[in-house]
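Q: Sequence and predicted structure, then a few things I'm wondering about:
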Amino acid sequence: MPFNAIEVAKDFPILSRTIRDGKRLVYLDSGATSQKPEVVIEAESNFYRLHNAAVHRGAHQLAEEATDAYEGARAIAANFINADVDEVIFTKGATESLNLVAYAMGNAVAGNRFHLTTGDNIVVTEMEHHANLIPWQQLAARTGATLTWLSVTPEGRLDLSNLNQVISEKTKVVALTHQSNVLGTINPLDEINKRAHDVGAVVVLDACQSAPHMPIDVKTLGVDFLTFSGHKAVGPTGVGIFWGRAELLAELPPFLTGGSMIENVTMTTATWAQAPKKFEAGVPNMAQAVGLGAALSYLTKIGMKNIHDHENKLTSILLNKLAEIKNLKVVGPTTTQMRGAAVSFTLGEIHPHDLGQYLDNQGIAVRTGHHCAWPLTRKLGVPATTRASLYLYNTEADIDDLIKGIVGAEKYFG
Amino acid sequence: MELDNLYQEVILDHYKRPQHKKLSASFDAQVHHINPSCGDEITLNVTLQGDRVENVSWDGVGCSISQASVSILSDLLIGKTLTQAQEISDAFMALMQSKGTEKGDENLLEDAVALAGVSQYPARIKCALLGWMAFKDASVQALSKK
């Protein structure tokens, strides 16, 4: 069946509600969090309704069903990114995943490949979300390693001209985003992966803005660790995916310790279970993981390529229409070449909060502010922007309403 | 249109023609306040003369609500005693927390009553309060130096 966003939108109950006294909801904030289809809401609530029990424990039928549902969701997630199932770890979201890998590296003792000390180096980029910046700042502070970064050009691309200087023989880890949540820029990974691997560093990819929107194959992507949040991929909040290469997960020390993640325990010592359990201490967010399984199945059924093509087409229409508004400046790439469907912009002297408020009054939900990427917005000289981010359920009518809203705001505040 | 409750003429006027938006060369205290969720920033100077607010000046970037609010505050508090300033600040704070149920005492709050509509938009209350928090901080610092 051909992709039809109007039909897809019918799967999402919230999209049929009205906003601010009867206005149609135009939801353009999927970059912050996506809406959920009925199948996900049902899967999550049915877990509580029918199968709830602590997974991997208990000798009763409910525990068996809960474990099957939870492990089934892991298999779906593995399939979604073409990973081996034991390489897929449930976290409570990408922020936890990135803290997990940073803290775990901090736990590595001398001799472990992840051990960091004075003289070592961590590389990030200037376009990182705070979630993929601050854990590394903190790791550097705890270990004495230096933190360096790839800069962003005025066009909103990574500046790779000094790649070989920034990623040096001292570099142990390179952490970067696949797609900027502010600029929409999709980063070229091949060159960065190659340089990182040449110097023996691992590459950690924040795929929050990419995995929900395009096909991801970790076997060809070339990175070593990858994470995304379930709630941005039509799944529930409180669950995310952390993927790592099997041999690296075997060497990476645990972050959180406790129940489930052990092999053997005495009063003074403990040894670790194999991944993924090694990184899943405590009773996990089971209903949310099951909901995420339903979400990723839903996306897979529609087809990630179909979703990506749809977003690409809409982004192109959006960029063309925005270009016709005289005082509007897109912050980030102005074509769909290596860019996703998060489009940030400024509108003359009108502050993004005021624009956002005006749009809200028309039923249009956008994000305003620095988008948790303050160093980036400061570098670009725009303390705040307005961001429209698109997803599978958005339509040309949504874009038309946004454009009308922007033009109306110019009149209102002009 | 409901939006007009929020964006009163007075607010847009202060936004377009902000008052006292030029940092004074001398001051008793200078503070820099940031709204970390949105990036609005304000630097505010306070000069006291005894227990009287002799001068308030400021500079900043932000939305119409945050900028108009600090502009109104400057107009309102210059020349007041610290006790009066406190009374006005308390009344403004209460107005912001009123969820649209209060109009505000115009005799006390003057132009600041125009911000009453903000109290119906929870996400914007912190915008309106940015300058007031800065003033509170600066006046305490200025007083402690006396």
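A: Right, received. Where do you want to start?

Q: Quick check: residues of chain B near chain A?
A: B:1-3, B:6-7, B:12, B:37-41, B:61-65, B:121, B:124, B:127 (CB under 8 Å from any CB of the partner chain). C-beta here means a position set from N, CA and C on the backbone, and glycine is covered the same way.

Q: for B:Ser69, what are its contacts?
A: B:Ala112, B:Leu115, B:Cys127, B:Ala128, B:Leu129, B:Leu130, B:Gly131, B:Trp132 (CB atoms under 8 Å, 6 or more residues apart in numbering or on different chains).

Q: In helices, which of these appear?
A: Within the contacts of B:Ser69, residues falling in helices by DSSP state H are B:Cys127, B:Ala128, B:Leu129, B:Leu130, B:Gly131, B:Trp132.

Q: so which strand or helix has A:Leu98?
A: According to DSSP states H and E, A:Leu98 maps onto helix A:94-106.

Q: who touches that helix?
A: Here helix A:94-106 has contacts from A:89, A:91, A:114-116, A:131-132, A:135-136, A:138-139, A:142-143, A:172-173, A:175, A:204, A:206, A:208, A:225, A:227-229, A:240-242, A:244, A:252-256, A:279, using CB under 8 Å, 6+ apart.

Q: Report the next helix or strand after it in sequence order.
A: strand A:121-125.

Q: For that following strand, which outside residues touch it?
A: A:116, A:132-133, A:136, A:139-140, A:145-152, A:158, A:166-168, A:170-177, A:187, A:196, A:201.

Q: List the strands paired with it, with their directions.
A: strand A:146-150 (parallel), strand A:171-177 (parallel) (DSSP bridges).

Q: what does the longest one contact?
A: In this case it means strand A:171-177. A:98, A:105, A:114, A:116, A:120-125, A:127-129, A:132, A:136, A:145, A:150, A:158, A:167, A:187, A:192, A:196, A:199-206, A:208-209.

Q: Taking those, please make a PyMOL selection of just the buried ones.
A: Buried members of those, defined by 16 or more other CB atoms under 10 Å in any protein chain shown, are picked up in PyMOL with:
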select buried, chain A and resi 98+105+114+116+120+121+122+123+124+125+127+128+129+132+136+145+150+158+167+187+192+196+199+201+202+203+204+205+206+208+209
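
Q: Nearest to chain B: which residue in chain A?
A: A:His353 (3.5 Å; CB to the nearest CB).

Q: Can you read off the backbone torsions of that residue?
A: Note on A:His353: its backbone torsions stand at phi -60, psi -40 [degrees, to the nearest 10].

Q: looking at it, it is touching A:Ala384, isn't it?
A: Yes. Counting by CB atoms under 8 Å, A:His353 does reach A:Ala384; the two are 7.1 Å apart.

Q: between these two, what contacts are shared?
A: A:Thr368, A:Gly369, B:Cys38, B:Asp40.

Q: and chain A, which of its residues are near chain B?
A: Selection of chain A residues close to chain B by CB under 8 Å from any CB yields A:20-21, A:351-354, A:357-358, A:361, A:368-370, A:374, A:377, A:383-384, A:412-413.

Q: Can you tell me the element B:Asn45 falls in?
A: Per DSSP H and E, B:Asn45 falls inside strand B:40-49.

Q: Please state the offset of that strand from the chain centre?
A: 10 Å (CA atoms, centre = their mean, to the nearest Å).

Q: helices or strands up against it?
A: Where contact means 3 or more CB pairs under 8 Å, 6 or more residues apart in numbering or on different chains; DSSP states H and E, strand B:40-49 is packed against strand B:29-35, strand B:52-61, helix B:64-77, helix B:122-145.

Q: Could you identify which of those is most buried?
A: helix B:64-77 (a mean of 26; mean count of other CB atoms under 10 Å in any protein chain shown).

Q: Pull stretch B:126-135 out as CSV, backbone CA atoms only.
A: What follows is stretch B:126-135, C-alpha atoms only, in CSV (Å, rounded to 0.1, in the frame of the first residue of the first chain):
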residue,chain,number,x,y,z
LYS,B,126,9.1,32.8,34.2
CYS,B,127,9.6,35.2,31.3
ALA,B,128,7.7,37.9,33.1
LEU,B,129,9.6,37.2,36.4
LEU,B,130,13.1,37.2,35.0
GLY,B,131,13.7,40.9,35.6
TRP,B,132,11.9,40.9,39.0
MET,B,133,14.1,38.1,40.2
ALA,B,134,17.2,40.0,39.0
PHE,B,135,16.0,43.1,40.8
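
Q: and for that stretch, what are the contacting residues?
A: Contacts to stretch B:126-135, defined as CB under 8 Å, 6+ apart, come from residues A:353, B:31-33, B:35, B:37-38, B:40, B:42, B:44, B:46, B:56, B:58, B:60, B:62-63, B:65-66, B:69-70, B:73, B:77, B:85, B:89, B:92-93, B:96, B:115, B:118.

Q: hang on, the earlier thing: which members of the contacts of helix A:94-106 are positioned in helices?
A: Per DSSP H, the subset of the contacts of helix A:94-106 in helices is A:Pro135, A:Trp136, A:Gln138, A:Leu139, A:Arg142, A:Thr143.

Q: nearest spatial neighbour of the first one, skipping sequence neighbours?
A: Read it as A:Pro135. Spatial nearest neighbour of A:Pro135, chain neighbours left out: A:Ala102 (3.8 Å); criterion: CB to CB, 6 or more residues apart in numbering or on different chains.

Q: mind checking how far the one you found is from A:Val123?
A: 13 Å (CB to CB, to the nearest Å).

Q: residue ranges with poor pLDDT in the chain?
A: No chain specified, so I'll use chain A. A:1 (pLDDT under 70).

Q: if you could check chain B rather than the one you did, that'd help
A: Along chain B, the model assigns pLDDT under 70 to residues B:1.

Q: again, only this time at 90
A: B:1-5, B:35-40, B:100, B:123, B:145-146 (pLDDT under 90).

Q: how deep is the residue in chain B that chain A sits nearest to tucked in, by neighbour count?
A: Among the residues of chain B, B:Cys63 lies closest to chain A, at 3.5 Å counting by CB to the nearest CB. Neighbourhood size, B:Cys63 [other CB atoms under 10 Å in any protein chain shown]: 28.

Q: contacting residues for residue 73?
A: No chain was given, so I picked chain A. A:Ala73 sits next to A:Phe90, A:Ala289, A:Val290, A:Leu292, A:Gly293, A:Ala294 when contact means CB under 8 Å, 6+ apart.

Q: oops, chain B please
A: B:Leu73 neighbours (CB under 8 Å, 6+ apart): B:Val56, B:Ala112, B:Gly131, B:Trp132, B:Phe135.

Q: and the two most separated of those?
A: B:Val56 and B:Ala112 (13.7 Å; CB to CB).

Q: now what about stretch A:75-86, what contacts it?
A: For stretch A:75-86, using CB under 8 Å, 6+ apart, the contacting residues are A:74, A:87-88, A:90, A:211, A:216-220, A:226, A:241, A:243, A:246, A:274-276, A:292-293, A:296-297, A:299-300.

Q: hmm, which of the residues you listed are the buried ones?
A: A:74, A:87-88, A:90, A:211, A:216, A:218, A:226, A:241, A:243, A:275-276, A:292-293, A:296-297, A:299.

Q: Just the ones of these in helices?
A: A:Arg74, A:Val218, A:Leu292, A:Gly293, A:Leu296, A:Ser297, A:Leu299.

Q: Touching stretch A:375-388 from outside, list them.
A: Residues outside stretch A:375-388 that contact it (CB under 8 Å, 6+ apart): A:28-29, A:31, A:126-128, A:133, A:151-152, A:154, A:156, A:180, A:182-183, A:318, A:331, A:342-347, A:351-353, A:355-356, A:359, A:366-371, A:402, B:38-41, B:61.

Q: Weed out the non-buried ones from those residues.
A: A:28-29, A:31, A:126-128, A:133, A:152, A:156, A:180, A:182-183, A:318, A:331, A:342-347, A:351-353, A:355-356, A:359, A:366-371, A:402, B:38-41.

Q: from these, which ones fall inside helices?
A: Judged by DSSP H, helices contain the following of those: A:Leu318, A:Pro352, A:His353, A:Leu355, A:Gly356, A:Leu359, A:Leu402.
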